[in-house]
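Trainee: Test case, fold it:
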Amino acid sequence: MLTASARTDQSGSLQETFLRLPAKPNRQLDHLPGDYGLPVFGHTWGLLTNGPRLTAAMVARYGPVFRSSALFQRSVALVGPDAAQFVLLDPDRNFAARPAWDTILGGLFDNGLLLRDLDDHRAHRRVLQQAFKKPVLDSYCQTLNRFLGEGITAWPSGRHFDFYPAVKQLLLDNAIESFFGADPARDVAPLNRAFIDMLDATLALVRRPLPGTRWRRGVHGRRALECYLASQLDARKANPGNDFFSTLCTAANDESGGLSDSEIIDHLMFLLFAAHDTTSSTLSSMIRILCQYPQWQERLREEFSTLDAAALQTEHFGALPQTDWFFRETLRMHPPVPAIIRRTARACEWSGYTLPANTAVFLPIRFNHRMEQFWSSPGQFDPERWSPGREEYKGHSFQWLPFGGGAHKCLGLHFAEMQTKIFLYHLLRNYRIAGDQKHRPRIRYVPLEIPGNGLPVLLSPR
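Mentor: All right, here's what the predicted structure looks like:
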């Protein structure tokens, strides 16, 4: 079992403080500007129907620090890059990730990296980084090119189909094979079902395993994945393959000797969760934008054609600047996770206001990405804002945070970039894509930004 000894007595006492925070956050926030909305339900309806509009209205009325209530929880918004830097760099160790995310992921994705803090988090992150080093990522390229290329060409052309469920299934099949090294013919389908039940359970209001409930199906799904991974541990250790599972099984740590079996299983399930839905969201946003701005299909396709390569490799990325601008601008306008959440481990101050201990805090990343102080015409899709000579992202190091920042910055960001660009490469080299003019795109913002109507599209072979 991987353990982290506290470097100082203060660090050890802080770890205890973080672990002992009550499950329910502090509700005494009346000293802060803001309002709680409707009795009991608060601003839940506004959050679910159009969270960005709700945030903009609250900022306009109350300023960059405000209290609110939604989904039966009171919280405080800290708006802007300065606030994001204060919370995410956290030099005084005031903010905890585990209790914030435990309300959503606890019982399903326990002990994942995002549910760890301080020295414990640092020790586990150091081991997991071995699965995301460049030589390891390069080895995944061949699998991604094959899997995504074959999957895209198997989609229907000449008629409309719903892109979001199709890409979600394709990426889940790919993730189960890449992360777990599962047998595509035998294991992928039942593992997919188990994982989908776990994802669905994160939205459960009733968190007891009552018959017929989301939570019960989610708990059973976790058990099924645990049993599968446990049955494969010895084989992966004895004969490792080119998958995340094998990499974690063979990873060594100078201080501890590696991960325990249960830790390997917990991390694999959380990595699958963290990687799958966010990339599905990002690709759906990209496809919606490509349908809206077909000139960018042509620009990316022309750039891809300069490579004259059947498969996209990581060494090609430097030759694709416009693809990179497109990738970054999509994530600016449509970050998959619209807000980052934390819990105060102890009382602290920001912008003249006191945040009591155990207060739920959120950083509205999507709103920050559209602040006029940092972006010109922020509501306009403009990939060239990332080009040399403009480089608007340089105004503040925390103004663009689709992958978070600080100690908990997304460990798989380079894998996500690689997967996304390989997908676009195979799609646009083979097809033109158009939206369904009969159906206006609808967007859901909670828990991730995804199409509310499946995103019907039409693929036309080139």
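
Trainee: Go ahead and confirm residue 276 touches residue 174.
Mentor: No: the criterion here is Cβ atoms under 8 Å, and residue 276 misses it with residue 174 at 9.0 Å. C-beta coordinates here come from the backbone N, C-alpha and C atoms, glycine included.

Trainee: And these two? Which one has more around it.
Mentor: residue 174 (24 against 20; other Cβ atoms under 10 Å).

Trainee: in stretch 439-459, what counts as buried?
Mentor: Judged by neighbour count (16 or more other Cβ atoms under 10 Å), stretch 439-459 contains these buried residues: 441, 443-451, 454-459.

Trainee: which one among those residues gets closest to residue 387?
Mentor: residue 449 (25.1 Å; Cβ to Cβ).

Trainee: so that closest one touches residue 339, yeah?
Mentor: No: the pair residue 449 and residue 339 does not pass the contact test of Cβ under 8 Å, sitting 10.7 Å apart.

Trainee: overlap in contacts of those two?
Mentor: Each of residue 366 lies in contact with both residue 449 and residue 339 under the rule Cβ atoms under 8 Å, 6 or more residues apart in numbering.

Trainee: Report the buried residues of stretch 363-372.
Mentor: 363-371.

Trainee: Pick the one among those residues closest to residue 33.
Mentor: So of these, ranked by how close each gets to residue 33 (Cβ to Cβ), first place is residue 364, at 15.2 Å.

Trainee: How about the contacts made by that closest one?
Mentor: So residue 364 contacts 55, 77, 79, 338-339 (Cβ under 8 Å, 6+ apart).

Trainee: Model confidence score at it, please.
Mentor: At residue 364, the model reports a pLDDT of 98.

Trainee: and it, how far is that from residue 52?
Mentor: From residue 364 across to residue 52, the span is 8 Å (Cβ to Cβ, to the nearest Å).

Trainee: Identify the contacts common to these two.
Mentor: Common neighbours of residue 364 and residue 52 (Cβ under 8 Å, 6+ apart) are residue 338.

Trainee: In the stretch 301-450 of the chain, what residue spans correspond to helices?
Mentor: Assigned by DSSP state H, counting those that start in this stretch, the stretch 301-450 of the chain shows helices spanning 321-333, 365-368, 413-430.

Trainee: In terms of pLDDT, where does residue 379 sit?
Mentor: Per the predicted model, pLDDT is 97 at residue 379.

Trainee: cool, the one 3 residues further on as well?
Mentor: You'll see residue 382 listed with a pLDDT of 99.

Trainee: Was I right to think it contacts residue 329?
Mentor: Yes: Residue 382 lies in contact with residue 329 (Cβ under 8 Å); the separation is 6.6 Å.

Trainee: So which of the buried residues of stretch 439-459 sit within strands?
Mentor: When these are checked against strands (DSSP state E), the matches are 443-444, 450-451, 456-459.

Trainee: among the residues you listed, which two are most distant?
Mentor: The widest separation within these (Cβ to Cβ) is 23.6 Å, between 444 and 459.

Trainee: Residue 228 against residue 191, yeah?
Mentor: Yes: with contact defined as Cβ under 8 Å, residue 228 counts as touching residue 191 (6.2 Å).

Trainee: Compare those two and say which is more crowded by neighbours.
Mentor: Shown here are residue 228 and residue 191; by other Cβ under 10 Å, residue 191 has more neighbours (24 against 17).

Trainee: quick one: the more buried one from residue 334, how far?
Mentor: 29 Å.

Trainee: excluding its backbone neighbours, what's nearest residue 333?
Mentor: residue 381 (6.2 Å; Cβ to Cβ, 6 or more residues apart in numbering).

Trainee: er, residue 401 I mean
Mentor: Closest to residue 401 by Cβ to Cβ, 6+ apart is residue 365, at 5.2 Å.
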